[in-house]
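In: Give me a model of this one.
(chains A and B)
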Amino acid sequence: MIQLAHGVGGGRTDLPIPEYVFFYGAAFVLVVSFVALAASWSQPKLQEPTFRPLPRPLSAVLLSTPVQVLCGAVGVFLLGLVVWSGLTGAQASSANFAPTFVYVIFWLGLVPVSLVFGDVFRAFNPWRAVGRAVSWVARTAARGPLPAPLAYPERMGHWPAAAGIFAFAALELVASNGDQPETVAVAVLVYSAATWVAMALYGVEEWCDRGEAFGVYFNLFARISPFTRRDDQLGLRRPLSGLAGLAPMPGTVALLAVMIGSITFDGASEAPVWTNVSPDIASFFGDLGLSPERALEAAFMVGLLLAIGLVLALYELGVAGARSMGGTLSTNRLANAFVHSLVPIALAYAAAHYMTLLLFQGQAISYLASNPLGEEGTDLFGTASSAINYGVIGATATWYWQVAFVVLGHVAALILSHDRALVVYESPEVSAEAQSRLAVRSQYWMLVVMVLFTTLALLLLSQANT
Amino acid sequence: MSRTARFVFIGVAVAIAAVAVVLLRPESEDETADDPSSQQQETTAAEKEPAGASNSEPTATAEAAPEPPPVEIGVRNYKVVGGAKRIEVEKGDTVRLLIRSDVEDEIHVHGYDLYGNPAPGKPARFKFEAKLEGEYEIEGHQAADQGLDPVIARLVVTPG
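Out: Prediction:
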């Protein structure tokens, strides 16, 4: 996270993984891939949703109105705290609550929470909570149902979410003042205003499902979790099966490309491949008349777009390859059919790249919560003078965890992709044998793409800060 | 999928695993000799010596087992002389830093959270054990206040 290097997360930087860890990791990925091919099952296992309800009282309590109101209130309180501390607190990113809370606790911390416990963010989503509260007040005042919202345009799909995540990544990785408390607060205000306007137009739940960038983002990871909700009941499902139930729409592929591409750029921007060329790109923009700061931002924007483009191109390559194996499905249908298998890849990238930032800078929230504005003498919970313990994980353990995340993401992607292939080629006109052959052969290409993604992830880990 | 195909895939997996083990094991042993990181350590050590020689302190001769001389960093007008260096050590090594500055400053070793206050003619000294692995920035806080790049060196602690 280079732009934040001097503020949020400036304490410890990961050491690059050594060559032997890289090569063992890469070899292991190949071995696992071939074992996966050999183990390929012929009946889909994840495509039909499974649901085992949890005990009723648990669901009744967790989904009760008071708990929902309480969770929403916590979310709104934290949103307000971020804006208030960002606008009125010390303008040093390391001393102010806002940057660390937004970039580390919220953005990184909710990823493992979603992965394990499911779509927890939906309950705490401050934008949804305010939207529901306002609509309740309006309904009560009008003493009747409100006019129906506009229909959500099908063609808009996940595009607003993709744009939102892209804007967030640009703020974090491109904007030179993206870690400034005031910038963070203003960005939160702008995003909140846009979200509430969209909710007013298209309905609160509808916008949360498709347009609200963070709701959509955490929901994707939550689909890996075994915990889910069906109507008024919490329950268990097969891990990963929630992803198979993801309904792809226009913009879903772009959303995943933004998610993986932005982390790719964050990793590459510390590596020689980028640090050697970025001054040249920046001087090109400087020659066009931009100030040095703006020219550097322009160069980083180019880098971010290139990384997203690279991810998109890799995925399209796999789809085109699968298409060339035969069958009657269009490239677009195939791209949508397999896009859910990119979610574990995105998760692996995030986990490998940001694990230590969350582990270390996450500890900072202890002293920042006691002194959110960064003022002399404030100590709300008596933790204002606590410090980050950088000894919680050593470099060697970090390397092994990073590689383990990458390999696990790879395996999950292969499972999802193979399972989908078994149903996507179903057609009444083709014999079952021909279908199964197509399904297996289409997966060779997907496998190549997954191996490329995984190798890229390992490469980024081995190139960091060299 | 046919049984043969399954066996072929398992065979390929085993072959890759075998090749990886065979290829990687001797390589990693050979590489300890000319591993880039150990080379860098050698150059860092080489850099240290002339710096220590020019700064021959009487304490060095008085001690029975002379410690390696401290890594010297010069700061002139809030800017580090010769650019920010990487100081590479192994976990458990003793790190000694000597920071000269022509202005009053506050030097912060991140991660270890150590502070020193050099002033003209009064260098800041650090001596600590490299207990935490990872890469840590050493910053001059005055430079940060002036809007300059505050990093005067990077401390890189590799597993021992």
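In: What sits closest to residue A:415 if chain neighbours are left out?
Out: Counting by C-beta to C-beta, 6 or more residues apart in numbering or on different chains, residue A:415 lies nearest to residue A:240, which is 6.5 Å off, once chain neighbours are set aside. Just so you know, the C-beta spots here come from the backbone N, C-alpha and C atoms, and that holds for glycine as well.
In: so what pLDDT did residue 105 get?
Out: As the question left the chain open, I've gone with chain A. As predicted, residue A:105 sits at a pLDDT of 95.
In: wrong chain, I was asking about chain B
Out: So residue B:105 comes in at 88 (pLDDT).
In: Quick check: it vs chain A, distance?
Out: Relative to chain A, residue B:105 is positioned 16 Å away (C-beta to the nearest C-beta, to the nearest Å).
In: Pull the contacting residues for residue A:199.
Out: A:127, A:128, A:131, A:207, A:208 (C-beta atoms under 8 Å, 6 or more residues apart in numbering or on different chains).
In: ok, now residue A:110?
Out: Contacts of residue A:110 were listed using C-beta under 8 Å, 6+ apart, and they are A:120, A:121, A:218.
In: can I assume the first one is in contact with residue A:221?
Out: So that's residue A:120. No. Residue A:120 is not in contact with residue A:221 according to C-beta atoms under 8 Å; the separation is 10.5 Å.
In: Mind checking which of the two has more residues around it?
Out: residue A:221 (26 against 17; other C-beta atoms under 10 Å in any protein chain shown).
In: Now that one: closest residue in space, sequence neighbours ignored.
Out: Using C-beta to C-beta, 6+ apart, the closest residue to residue A:221 is residue A:114 (4.3 Å).
In: Quick one: the contacts of residue A:199 as CSV, columns for distance to residue A:153 too.
Out: What follows is the contacts of residue A:199, written out as CSV (distance: C-beta to C-beta, whole Å):
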residue, distance to residue A:153
A:127, 20
A:128, 20
A:131, 19
A:207, 12
A:208, 16
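In: Looking at these, state which has the most neighbours.
Out: When neighbours are counted by other C-beta under 10 Å, residue A:207 leads those with 26 neighbours.
In: which ones are touching that residue?
Out: Counted by C-beta under 8 Å, 6+ apart, residue A:207 has contacts A:131, A:152, A:195, A:198, A:199.
In: nearest residue to the residue most central in space within chain A other than its sequence neighbours?
Out: The centroid of chain A falls nearest to residue A:217 when counting by C-alpha atoms, centre = their mean (5.0 Å). In space, and not counting its chain neighbours, residue A:217 is closest to residue A:165: 5.9 Å by C-beta to C-beta, 6+ apart.
In: and the one you found, how many neighbours does it have?
Out: Number of residues near residue A:165 (other C-beta under 10 Å) recorded here: 21.
In: What of the one 3 residues further on?
Out: For residue A:168, the tally of surrounding residues (other C-beta under 10 Å) stands at 21.
In: Strands along chain B, start to end?
Out: For chain B, strands defined by DSSP state E occupy the ranges B:71-76, B:79-80, B:85-90, B:94-101, B:107-109, B:114-116, B:124-129, B:134-140, B:151-158.
In: do the same with chain A
Out: A:12-13, A:52-53, A:227-230, A:233-236.
In: deepest of those strands, which one?
Out: Among the strands of chain A, ranked by average contacts under mean count of other C-beta atoms under 10 Å in any protein chain shown, first place goes to strand A:12-13 (a mean of 25).
In: which residues does the residue nearest to residue A:415 contact?
Out: With the criterion set at C-beta under 8 Å, 6+ apart, residue A:240 makes contact with A:46, A:223, A:224, A:344, A:412, A:415, A:416.
In: Show me which helix or strand of chain B is least confident by mean pLDDT.
Out: helix B:36-54 (a mean of 41; mean pLDDT, DSSP states H and E).
In: from the chain's centre, how far out does stretch A:253-269 sit?
Out: Computed by C-alpha atoms, centre = their mean, to the nearest Å, the chain-centroid distance of stretch A:253-269 equals 10 Å.
In: ok, now stretch A:430-444?
Out: 32 Å.
In: what's the answer for stretch A:248-261, then?
Out: 10 Å.
In: now stretch A:145-160
Out: 23 Å.
In: what's the answer for stretch A:116-135, then?
Out: Counting by C-alpha atoms, centre = their mean, stretch A:116-135 comes out at 17 Å from the chain centroid.
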